[in-house]
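Asker: quick check, what structure comes out for this input:
(one chain, ligands or ions: 2)
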Amino acid sequence: MKILVVGSGGREDTLCWKLKKEKNQIVCASGNGGTARWGENINIRPTDIEKLSDFVKENGIELTVVGPEAPLVEGIVNRFEEKSFRIFGPSKEAAQLEASKVFAKEFMRKNGIPTAGFEIFNSEEKALKYILNKKFPIVIKADGLCGGKGVSICENLKAAQEAIYSLMTKKIFGRQGERIVIEDCLFGEEVSYLAFVDGEDFLPLVSSQDHKAIFDEDKGPNTGGMGAYSPVSLMTEELSERIKKDILKKTINGLLNLRIRFKGILYLGLMLTEDGPMVLEFNVRFGDPEAQAIIPRLTSNLLELMMEAIDGNLSKVRLEWDKRPVLSVVLASAGYPENPVSGKEIFGLEETECLNDILVFHSGTEKKDGRFWTKGGRVLSVTGYGNDIKEAKTRVYSAIFNVQFEGMQFRNDIGEKEIRRIKDGELSIL
Ligand SMILES: Nc1ncnc2c1ncn2[C@@H]1O[C@H](COP(=O)(O)OP(=O)(O)O)[C@@H](O)[C@H]1O
Ligand SMILES: [Mg+2]
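Answerer: Ligands and ions are numbered 1, 2, ... in the order given. Got it, this is the predicted structure:
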């Protein structure tokens, strides 16, 4: 099948890799230096919906797969469906779950989905008054999409006042911060729980965990994600059943009550608290870097799954997984996340790619004159399988020795907490 993958990150490179392995013809918009390995890159921005739609028509694309949230929120699925083009992803209405934290929180409250207690404000004065009587830390979130930078965990009153001030007076995220959510701080381990959804039925994927902070031991500013692994031993069969019943089912039914049929990947960002799993946020697409840890484990045919989700037939499908854990480490540019430096030559890719049980996915890279160069903050995700998580970790970190570009930075402790947990006797199940 002729497939258009929309996006240009490591997640999209992983989707292209898998779909190419399944013998499809791949076009990626706008792609990166890595996606060109699996097919053709075309120079159309992911949010240029009309140009993408023209391309699909003129080139006989049979399926479009959307990686990032922006085109979904802008209605690429609605537009393509109007034209009867087949597309995998949720509609603009369904994408509100990610595009508006106010919508998501009100939706959860209405549908009895466990989440942190919260209030919503559109006035700075009221927000400032509300925090005077709150226990700290508290969490302050901009309503709209802020590229992962709209959330502050505030340890004291002064920090909370500053967070409100920068969102509502300084308007550092413009209209995205016009309304804010102030919520109670939850404590526990975070896991990502993703599922294929076909409007009514769902199929959960294997669990995974991202590492948001730039430095080891979760220190330093938050990034788009510095590495991930799958599975997470905390995700027992029992916990997964509870998430399906208390969260997934309620979310899909709550959307149906609003006459919204969610099709695509629904991503639950969960905090496993003493009182059970609670939703931190919804995303409406694969995570990056979670995709790099999850998709290599999928042995079922991804194209078929996407088609069954589009056609509302997921109840007929079963998912098959490689039992081996996968771990993925992001190599980032100097200065990331604040001021990443681009344009550095990348060495050692070929040697790394040909190692056993290692995959190298590209994010911010480009190919010029037959050589690869950095282009952006996150550059590569070196990914590996192991018979256990420890072996996967050792394999990935020894593979990383082969790769080099000026200023390259990465975390040394991806998967470390999981290795410690397993040593302490917990079993990996899903
Ligand atoms: N209520 C909360 N309690 C504790 N930590 C939180 C809470 N909400 C968010 N966080 C932390 O902030 C991070 C980002 O918040 P999230 O809602 O996922 O927003 P986004 O991914 O859009 O930036 C989460 O991954 C989590 O680490
Ligand atoms: Mg998040």
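
Asker: now the end-to-end length of stretch 40-57.
Answerer: 17 Å (C-alpha to C-alpha, to the nearest Å).

Asker: let's verify the residue of the stretch 301-430 of the chain found nearest ligand 1: helix, strand, or coil?
Answerer: In the stretch 301-430 of the chain, the residue that lies nearest ligand 1 is Pro337 (12.2 Å; C-beta to the nearest ligand atom). The C-beta positions use only the backbone N, C-alpha and C, and glycine is treated the same way. Classification of Pro337 using DSSP: H, G, I helix; E, B strand; the rest coil returns coil.

Asker: residue contacts, the nearest residue to it once chain neighbours are set aside?
Answerer: Counting by C-beta to C-beta, 6 or more residues apart in numbering, the nearest residue to Pro337 once its immediate chain neighbours are dropped is Thr223, at 4.5 Å. By C-beta atoms under 8 Å, 6 or more residues apart in numbering, the contact set of Thr223 is Gly148, Lys212, Ala213, Ile214, Ala332, Tyr336, Pro337, Gly377, Arg378.

Asker: run a quick neighbour tally on the second one.
Answerer: Going back to what we said before, that points to Lys212. Lys212 has 16 neighbours, counted by other C-beta atoms under 10 Å.

Asker: one more: the fourth one?
Answerer: For Ile214, the neighbour count with other C-beta under 10 Å is 21.

Asker: quick one, phi psi at it?
Answerer: phi -70, psi -30 (degrees, to the nearest 10).

Asker: who does the residue nearest to Met306 when sequence neighbours are not counted form a beta bridge with?
Answerer: Nearest residue to Met306, sequence neighbours excluded (C-beta to C-beta, 6+ apart): Phe88, at 4.4 Å. Counting by DSSP bridges, Phe88 is bridged to Val65.

Asker: what about Phe88, distance to ligand 2?
Answerer: 22 Å (C-beta to the ion, to the nearest Å).

Asker: just checking, that residue touches Leu72?
Answerer: No: using C-beta atoms under 8 Å, Phe88 makes no contact with Leu72, being 10.4 Å away.

Asker: what about the helices in the stretch 301-430 of the chain?
Answerer: Secondary structure of the stretch 301-430 of the chain (DSSP state H, counting those that start in this stretch): helices located at 302-310, 349-353, 389-400, 416-423.

Asker: make CSV from the ones you listed and add mean neighbour count and mean pLDDT to it.
Answerer: CSV is the format used below for the helices of the stretch 301-430 of the chain (neighbours: other C-beta atoms under 10 Å; pLDDT from 0 to 100):
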stretch, mean neighbour count, mean pLDDT
helix 302-310, 19, 98
helix 349-353, 15, 97
helix 389-400, 20, 98
helix 416-423, 16, 93
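
Asker: what's near enough to touch the residue nearest the centre of the chain?
Answerer: Within the chain, one residue has its C-alpha closest to the average C-alpha position: by C-alpha atoms, centre = their mean, that is Gly287, at 1.4 Å. Listed by C-beta under 8 Å, 6+ apart, the contact set of Gly287 reads Arg11, Ser192, Leu194, Ser208, Asp210, Gly225, Ala228, Tyr267.

Asker: tell me who's in contact with the residue lying closest to Gly177 once chain neighbours are set aside.
Answerer: Ranked by C-beta to C-beta, 6+ apart and with sequence neighbours excluded, the top spatial neighbour of Gly177 is Leu167, at 3.5 Å. Contacts for Leu167 (C-beta under 8 Å, 6+ apart) come out as Ile140, Ala142, Gly150, Phe173, Gly177, Ile180.

Asker: list the contacts of Val330.
Answerer: Gly10, Gly225, Met226, Gly227, Pro289, Ser363, Arg378, Val379, Leu380, Ser381, Phe410, Arg411.
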